[in-house]
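# Fold the following, please.
(2 chains)
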Amino acid sequence: MATTEPRARQWAVLAVSALLAAGCAAAAPPAAPSAGPVSGGTLVYAVAREPDCLDPHVSPADITGEIQRNAFDSLVAQRPDGGFAPWLARSWEVAPDGRAYTFHLREDVRFVDGERFDAEAVRANFEHIAAPETKSQYAVSLLGPYAGTDVLDAGTVRVRFHQPYVPFLQAASTSYLGFYSPRALREHGDELCAGGPHAVGSGPFREVSAVKGQGVEFVRNDAYRWAPATAAHQGPAHLERLSVRVLPEDAVRTGALGSGQVDVAAALPPTEIAFVAQDPALAVLKHAAPGQPYTYFFNTARQPFADPRARQAVRAAIDLDGIVAGVYFGQYDRAHSPLSPPTFGYDPGTETRRNYDPALANRLLDELGYTGRDAQGYRTRDGQRFTVVHPWSANLVRDQQDLVSQAVHQELRKVGIDLVLRPVDSGTYLTERNAGRYDLIGFSWARADPDLLSTIYASGSQFADGGANGSRIHDPEIDALLAEGRGAVDPGRRAQAYHRVQQRILDETYALPVHTSTQAYGYRATVHGLALDANSWTTFYDTWVEPA
Amino acid sequence: MSAPALSPLSRRIPWPVLFPAAVLAVLLLAALAPQVLSTVDPQAMDFRQALRPPAPGHPFGTDQLGRDVYARTVHAARVSLAVGVGATAIGFLVGSVLGLLAAVLSRVVDAVLMRVVDILLAFPGLLLALVCIAVLGPGPVNSAVAIGVASVPQYARLVRAQAQVLRGSGFVEAARTLGQGRMTVALRHILPNALAPLTVLATLGVGTAIIAGAGLSFIGLGTAPPTPEWGAMLAEGRNLLGRAWWVVVFPGLCVTAAAICVTVLGRHWQAALEGRGRA
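Below you'll find the model as predicted:
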């Protein structure tokens, strides 16, 4: 998919490719003509990463949000076009100043333990997330400038904020702000990370067990009558059982898909996508995830990258177009902006920037005084080599980003910069990262709202604050624009603010976007109705499997 | 064994020794002078040549970044063998000193040292190595230190046992009767005689250490990329086994060959030594 396509067209392409995949399935000889959804059956879904903690109120991990989507419902659902549809809330009003949201709740919703979902349950959940002892690593930031929740009556609840908080509906649509039964919060509040039977939600599936290193088992919630308006059907899910297995090795996961041990496999490696697509028994669902593409962050808080010319020199020295095309065999798109194209507020104007210019890199390095050369050909200034420390942990690497780094190493060597790829364990990585002991780090982040940029570029979002300000910047202009984006009720004005944030980040060379996060799922042709939500994560509510 | 039956004093080297020795000679050549075996830059990338199967231009094929797998396999020998030999040397030296001290000094020193060794022995070697890496940080030198430290207990145990046997032997008694000091006896009479079985253990240990070093690199805690190292090459190519077997098979064969050849030679030496001991 070309990155220039507007979001609506991306979804259209996605829908078409899903139809094509369905067409392929019908063309395969053994496949019966699909006469509509079949109820029952088990679907086995292989994921690549082990969730550290299964409590969506605590964990910031994508995998937790994705797995727990099956067990937890939200107030609203995000539509493919970026708008919002009713879910547990029938309707809602936003106060004119953007500081309060009033939700009118459905009255027929029950948690799988029999408890009612009502205004009090909303309050209990939001208070639980906001409570410091919960130690929420992400959900609390989705609550933004949260001030409190008022129960107006059993079916009406008002959420208040200290400042205008426009991204709240999007935040409320994520599983991180999903709802536990208040009884589960009361009785098992300290065991929620383990998931399993304590993950008592109101979702289409009930979580029966979660075993570390193996996976999570779900059974259908037969009482389910409150699917979001975005779903393809209403009533209970089609699948009777859903089994999520953790298979971290790419070869094992794709092998299990090919042999039929799993029905859907997440994170197909780029080398496999073409082969899976060619197999008549299999199909591929590929989509660029919204949020932040895989991006390198320059540590601007210390030398050498405190000097913008050093950052520009590195940017000019790397042929990222060639590297992304080569490492990912043309399957992933090059990223140009701090936001991925399918995110609201993405600025297509960033795509015209062309930065690869080794001559400029050499000129800037000369200007910086790195004119000497040591025995290995690296540039030196006052006898000191131009060294860039890039810590990485094999446990945290995905999408072959370690290979991208090796390619970058090679490019920087050509202009005389020594990129030190420092392998560390994941614990050390987080310690070093939080203490700022790095020159360059890289990560991606999925979220379907540009307010994500506040998590990554706001002055108050340093790692020590629980944020992810990888460039360690304190830029008042960006802070002001981010605040404007958060508070702007008018979508046009809001997008404009985020456009300027993106341009400012690139102008100042705080970060270097590498490739869009591409979610590639492989699935068996017997699987139908596999859908991706606004985060490009799987949802299995509408999914059904052909009986064997 | 049939070869000695023909002529025990024949200078003909039996093939079970010749073959592994030849393989090791090639690997040593790769470690000491890789440019003799390959003139290609092991880090040079060319995406247009990515994942090409073995062919005359690239005898071992190319990897995901279009790098020559043959050049990388050859250049990886230095780090892999250095970690193996270095780790064994560390374990050997430290273990020998501790074992000897325990054997010749006071009972208290012996008790303390051996309890420490017992504690270390209670942990699996790789776990000890990982703890060392966690403290020291990753890298080839630290890998050698970590694996070496993890192997100290077995050397210490063996040296102590040997030294205790030797301490009661006639020539040591004689030396002591002649008025030689405790350290002189230990260094001049006990140590040289205790070392013979130790060299066998050390030779066998090199093979184990090569595998352990590759293991640390495999889990991303050894050599920093893009420096080629067999274990790291295995890790990078492990998901390509179905599509591009050559990326993993050749470095894998090298780890296996190095470990097996060193072990075969070590066993042979051990057999020879025990034969001499009996004679």
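
# drop to CA atoms for contacts and neighbour counts, all remaining ones
Fine.

# Any idea which residue is closest to the centre of the chain?
No chain specified, so I'll use chain A. residue A:446 (1.8 Å; Cα atoms, centre = their mean).

# that answer is for a different chain, and I need it for chain B
Note: chain B centre (Cα atoms, centre = their mean) maps to residue B:206, 1.5 Å.

# ok, it to chain A distance?
24 Å (Cα to the nearest Cα, to the nearest Å).

# does that residue count as helix, strand or coil?
helix (DSSP: H, G, I helix; E, B strand; the rest coil).

# excluding its backbone neighbours, what's nearest it?
Using Cα to Cα, 6 or more residues apart in numbering or on different chains and skipping residues adjacent in sequence, the residue nearest residue B:206 is residue B:84, 5.1 Å away.

# my guess is that neighbour meets residue B:144, correct?
Yes. Here residue B:84 reaches residue B:144: they are 7.0 Å apart, a contact under Cα atoms under 8 Å.

# can you list residues touching both of those two?
In terms of Cα atoms under 8 Å, 6 or more residues apart in numbering or on different chains, residue B:84 and residue B:144 are both contacted by the residues residue B:213.

# More neighbours: those two, which one.
For the pair residue B:84 and residue B:144, the greater number of neighbours falls to residue B:144 (30 against 27), based on other Cα atoms under 10 Å in any protein chain shown.

# in which helix or strand would I find that one?
helix B:140-167 (DSSP states H and E).

# Enumerate the positions of that helix that are buried.
B:140-164, B:166-167 (16 or more other Cα atoms under 10 Å in any protein chain shown).

# What helices and strands are in contact with that helix?
The contact analysis (3 or more Cα pairs under 8 Å, 6 or more residues apart in numbering or on different chains; DSSP states H and E) places helix B:140-167 against helix B:69-104, helix B:107-122, helix B:125-136, helix B:191-218.

# where are the low-confidence patches of the chain?
Here I'm looking at chain A. Chain A contains residues with pLDDT under 70 at A:1-35.

# oops, chain B please
B:1-12, B:276-279.

# Let's verify the residue of it found nearest chain A: helix, strand, or coil?
When scored by Cα to the nearest Cα, chain B has residue B:239 as its residue closest to chain A, at 4.7 Å. Three-state assignment for residue B:239 (three-state DSSP): helix.

# can you count the residues close to the closest residue to it other than its chain neighbours?
Closest residue to residue B:239 apart from its sequence neighbours, by Cα to Cα, 6+ apart: residue A:251 at 4.7 Å. Neighbour count of residue A:251, defined by other Cα under 10 Å: 19.

# Residue A:251 should be in a helix, yeah?
Yes. Residue A:251: assigned to a helix according to three-state DSSP.

# can you pull the contacts of it?
B:238-242.

# Can you flag the buried ones in those?
B:238-240.

# can I get those in TSV with distance to residue B:190?
Shown next, in TSV, are the buried ones among the contacts of residue A:251 (distance: Cα to Cα, whole Å):
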residue	distance to residue B:190
B:238	48
B:239	52
B:240	53
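
# contacting residues around the nearest residue to residue A:80 once chain neighbours are set aside?
Distance criterion Cα to Cα, 6+ apart; nearest residue to residue A:80, sequence neighbours excluded, is residue A:534 at 6.1 Å. Contacts for residue A:534 (Cα under 8 Å, 6+ apart) come out as A:78-80, A:82, A:290, A:448.

# So which of those residues sit within strands?
Among the contacts of residue A:534, the members found in strands (DSSP state E) are residue A:78.

# could you flag which of the contacts of residue A:534 are buried?
Applying 16+ other Cα under 10 Å to the contacts of residue A:534 flags A:78-80, A:82, A:290, A:448 as buried.

# for chain A, what are the nearby residues on chain B?
Within chain B, the positions adjacent to chain A are B:43-45, B:47-48, B:50, B:64-65, B:134, B:137-139, B:219-226, B:238-242 by Cα under 8 Å from any Cα of the partner chain.

# again, only this time at 7 Å
Within chain B, the positions near chain A by Cα under 7 Å from any Cα of the partner chain are B:47, B:64-65, B:138, B:219-221, B:224-226, B:239.

# can you pick the most crowded of those?
Ranking those using other Cα under 10 Å puts residue B:221 first, with 27 neighbours.

# My reading is that that residue lies in a helix. Confirm?
No. Counting by three-state DSSP, residue B:221 is not part of a helix but coil.

# Report the contact partners of the nearest residue to it once chain neighbours are set aside.
Spatial nearest neighbour of residue B:221, excluding adjacent residues (Cα to Cα, 6+ apart): residue B:138 at 5.1 Å. Applying Cα atoms under 7 Å, 6 or more residues apart in numbering or on different chains to residue B:138 gives the contacts A:423-424, B:221-222.

# I am finished for the moment; much appreciated.
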